[in-house]
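In: I need the structure of the sequence given here:
(2 chains)
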Amino acid sequence: MWDKIKDFSSEFFVTGDPLILGAQVSIAITMVAIVFILTYFKKWRWLWTEWLTSVDHKKIGIMYIIASILMLFRGGVDALLMRMQLAVPQVEFLNAEHYNAIFTTHGVIMILFMAMPLMFGLFNIVVPLQIGARDVAFPFLNSLSFWMFFFGAMLFNVSFVIGGSPDAGWLAYPPLSGLSGSPGVGQDFYIWGIQISGIGSLATGINFIVTILKMRAPGMKLMKMPMFTWSVLSSCTTIIFAFPILTVTLFLLFIDRYLGAHFFTLDGGGNPMMYINLIWMWGHPEVYIVILPAFGIFSEIVSAFSKKKLFGYKSMVFALMSISFFSFFTWAHHFFTMGSGANVNAFFAVTTMLIAIPTGVKVFNWLFTMYRGKLSFPTPMMWTIAFIPCFVIGGMTGVLLSVAPADFQFHNSYFLIAHFHQVLIGGVVFGYFAGLYYWWPKMFGFKLHEGLGKWAFWFWNIGFYVCFMPQYALGLMGMTRRFNEYNFDMGWQPLNVVSTVGGFLMGIAFLFQVWQIAHSIKFYKKEKTGDTWDGRTLEWSIPSPAPMYNFARIPVVTEQDDWWEKKQRRLRGEADPPEVAQAEQAPLEPIHMPRNSGVPFVMSSFWFIAGFGFVWDWKWMIVLGLGGVIVSMLVRSFTYNTDYYIPVEEVERTEAAARGAH
Amino acid sequence: MRRNYRMLAAGLFLAMVFLLSGCSEQYIVLDPKGPIGQSQKDLIIISTVLCAVIIVPVLIMTAVIVWRYRDRPGSKAKYKPNWEHNTKLEVTWWSIPIVIIIILAAVTINYTYKLEPSRAIESEKAPITIQVTSMDWKWLFKYPGEDIATVNYVKFPEDRPVRFQLTSDTAMNSFWIPQLGGQLYSMSGMAMTLYLQADEQGSYYGSGANFNGKDFAQMTFKADAVSQEEYDAWIQEVKKDAPALTMDGYKELQKPGRSDVQLFSSFPEGLFEQIVTQYVEEGSTGAHAHHGASSDTSKNEGSSKNNDSETNTADASDQHNGHAGH
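Out: The predicted structure is shown next:
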């Protein structure tokens, strides 16, 4: 009996590595601490009723952002471990297997569990406020999306201490990721972690498309929407076409592994090349999914801090939509070297280059928004300005990579690594940081400390260039990605050391941001106006943080940048158009709101149980998990009391309290 | 704000230093020793210049605009808060990138056909064939003409095209000798063709560029280009001194693990073909056989519905050895 338990636990837990033992102990301590604090301060009920069951888009958005920052920490630690190994490969700080696991989890976590939720967090917080809505179209589904993402991410992360991490690369090419190449459970954690959170992502895509198309305030024509909302629409359109491909691909891989099918195996008529095509049919649109909203954020910020209308609105919309269309026709540029022949390579090289056109146009439009503007430089604007040169250079190296025959020399080298980090950090991360700083007061009702923010900004930026510029050089020196050591003299070490220093500078930058948030909470200063930056769009017309119903009266929109125009009219002493005035003076009415629900949380945790069961092939657990999912669905189906009205008196009280400050 | 430019300048400066110092020997991609690598370097330079034509002005414009229109007391810069559209300007910057991309696309398409890896290099000398197999975690090179084999080491005469036939006996890898030219995947169940040539003698770095599992980083090898006489002498020496690679010896090699350089005076006949066709089911024809034997066009013909262009099949006539294993 004892032996059996010992056998089981040595397979179940990852053992024998001091680094992982340390992680296991600290995870256990953190969990005990959280339970203790929640119990001691009697916060369990508060946590459940205010957060875990909430269907309020603003709270869901905040939970997304908290989760993504935790994941940024995890992915960042992975990155620093890798950089340490590469700076001193002689020391063998990480062994080969460990290194392979870490670059795999770094990639998956940064794209799927850091960038995606940070993006969804901003969607959630901003979109309904920008279009004058009281919530998203499907608040229950929204909560379900979040919890599916969260439990998927947890299932993936748990592999670090239980069972072992996946180590076949972030896109898990078979046959390496198949049963023959990865017999362990790591790859199953990969499949189920991504699968469960992927369903959440798809649902979010649908939710926001419907929200944007159906829930805009009266008068807000499509061509009067704020640019961020447009970017969300284009990103979500891409999601609903791309994510089903991911789901199907991973499902086929799962069938290969679990039932011994031969979709992607070498024998039995399988074809691994099919997987590589399929995964990139999702994977390439995926990077546009995360970058498009960043473009939207920059558009909002450039316009707000130039005190000027966004230049070339129609061009911008056209550029966004054409990028999301063309993103589906470029996937094969990830494997020009697979020998598809000159016709195929030429086609995909050209389609890839085409994307540079709308992207370039956007840069011109941002520049000309600043041209003849009145620029001020608080942190959101600083990130935006830093983004432009960074992204332009990263975009240029992207075009170099798209030149198919030249790519034969760049492919899989550090040149490629430097390129995609430059567009993902310089574009996506800078963009989401800009957005976080910009909308932070709207989320929480206070601003983040500017001085510490600038420290963080400079450390991030300098660290970025110090880390990744040498990697372009390393690529040209022939260094390929995923090397855990280089025992031969190719002269790679000095630049690797420089790159590692840069990585740590970014680590310090992250600490500054944590300090910045802690400091700003400690010296909390209420943001009184609700319009922190003299903003242009509807979200700035309501108090900060927004009341739970967002708008006491749904506004009537007549202009692009409606709030800014309204403020201009008031400055000039003009009267509002009659329909606007009428909407503003209409008597308050009871507000129809969705009720909180615990079902999304419970149902997603059953998904987690089912996923865990599939990973270990424990049939009883699979049955329990899937059974729980079905029961949860039934419970929801027979719940009729899903909404309520906020009475007028309560709205009046809330509004008076929020606006009492002026 | 001033610091912003400084940082930008510093970044660009760093980038420039690295690129300019590319002349030095360490930047092997920019120091090609063969026709394929040379054309690829030319293409890299052409495309960089074409991109720079648009990127450099944009960077300067960014700096100037940000500097000039910063909000400060007494600024003389114009402020036009409602200026949001100008057809002429917008047409201009839709067309500038379009023109650049058209030029770049034309150049790229041209080079794509010219540098298609299975296209033979023009030369008076007949190509030498080397069959390359990526394994867990070592490279096996077989010389069908000379009937010798090597592990993690390859040698060929200078100034003579080398026709590498690539396959894998395990997960996919990518065969890359940067100074001779770009890489190509080595994949199980098919043989891909990559022509390279060394114009001068030298010892070149080669690696597996695509992750294939635990000891992937150990899959580096040396590629020596020597004179024809030296090459011939080496072949004789290997034939005389080295042991033979037997089928059992190959089974040993198949076991996952790293390997030092090894030399073999012979190898089992048809071994490469066996490796390529091992997944073809006994007695099967049609799609499966087609797939397994896709070596005849060096392409994944089975899955790409025969859309291969003439360039792919240019040297198909001498590539039928894939069928030998049936």
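
In: Quick check: the residue of the stretch 101-250 of chain A nearest chain B.
Out: Residue nearest to chain B within the stretch 101-250 of chain A (Cβ to the nearest Cβ): residue A:176, separated by 4.1 Å. Where C-beta positions appear, they are placed from N, C-alpha and C, glycine not excepted.

In: now that residue, nearest residue through space, not along the chain?
Out: Take residue A:176 and drop its neighbours on the chain: the residue closest to it by Cβ to Cβ, 6 or more residues apart in numbering or on different chains is residue B:171, 4.1 Å away.

In: what sits against the nearest residue to residue A:648 once chain neighbours are set aside?
Out: Nearest residue to residue A:648, sequence neighbours excluded (Cβ to Cβ, 6+ apart): residue A:588, at 4.8 Å. Residue A:588 makes contacts with A:552, A:553, A:648, A:651, A:652, as judged by Cβ atoms under 8 Å, 6 or more residues apart in numbering or on different chains.

In: Of these, just the buried ones, PyMOL syntax please.
Out: A single PyMOL command selects the buried members of those (16 or more other Cβ atoms under 10 Å in any protein chain shown):
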select buried, chain A and resi 552+553+651
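
In: Can you tell me the SS state at the residue nearest to residue A:176?
Out: Using DSSP: H, G, I helix; E, B strand; the rest coil, the three-state assignment for residue B:171 comes out as coil.

In: of all of the stretch 101-250 of chain B, which residue lies closest to chain A?
Out: When scored by Cβ to the nearest Cβ, the stretch 101-250 of chain B has residue B:182 as its residue closest to chain A, at 2.2 Å.

In: quick one, strands of chain B?
Out: With strands called from DSSP state E, chain B shows them at B:128-135, B:138-143, B:148-151, B:153-157, B:162-168, B:173-177, B:181-186, B:192-196, B:202-208, B:220-226, B:262-264.

In: ugh, typo on my part, it should be chain A
Out: A:591-594, A:643-646.

In: So for chain B, which of these sits nearest?
Out: Here strand A:591-594 is closest among these (Cβ to the nearest Cβ), at 35.2 Å.

In: would you list the strands of chain B in CSV and tack on mean pLDDT?
Out: CSV is the format used below for the strands of chain B (pLDDT from 0 to 100):
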stretch, mean pLDDT
strand B:128-135, 97
strand B:138-143, 97
strand B:148-151, 97
strand B:153-157, 97
strand B:162-168, 97
strand B:173-177, 97
strand B:181-186, 96
strand B:192-196, 96
strand B:202-208, 96
strand B:220-226, 96
strand B:262-264, 97
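
In: okay, those strands in a markdown table with distance to residue A:74 next?
Out: Output for the strands of chain B, formatted as a markdown table (distance: least, Cβ to Cβ, whole Å):
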| stretch | distance to residue A:74 |
| --- | --- |
| strand B:128-135 | 33 |
| strand B:138-143 | 34 |
| strand B:148-151 | 40 |
| strand B:153-157 | 41 |
| strand B:162-168 | 33 |
| strand B:173-177 | 30 |
| strand B:181-186 | 32 |
| strand B:192-196 | 38 |
| strand B:202-208 | 29 |
| strand B:220-226 | 31 |
| strand B:262-264 | 42 |
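
In: Save these as CSV, and put in mean neighbour count and distance to residue B:97 too.
Out: What follows is the strands of chain B, written out as CSV (neighbours: other Cβ atoms under 10 Å in any protein chain shown; distance: least, Cβ to Cβ, whole Å):
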stretch, mean neighbour count, distance to residue B:97
strand B:128-135, 23, 40
strand B:138-143, 23, 42
strand B:148-151, 24, 49
strand B:153-157, 21, 43
strand B:162-168, 25, 37
strand B:173-177, 28, 32
strand B:181-186, 28, 26
strand B:192-196, 26, 34
strand B:202-208, 20, 35
strand B:220-226, 20, 40
strand B:262-264, 20, 53
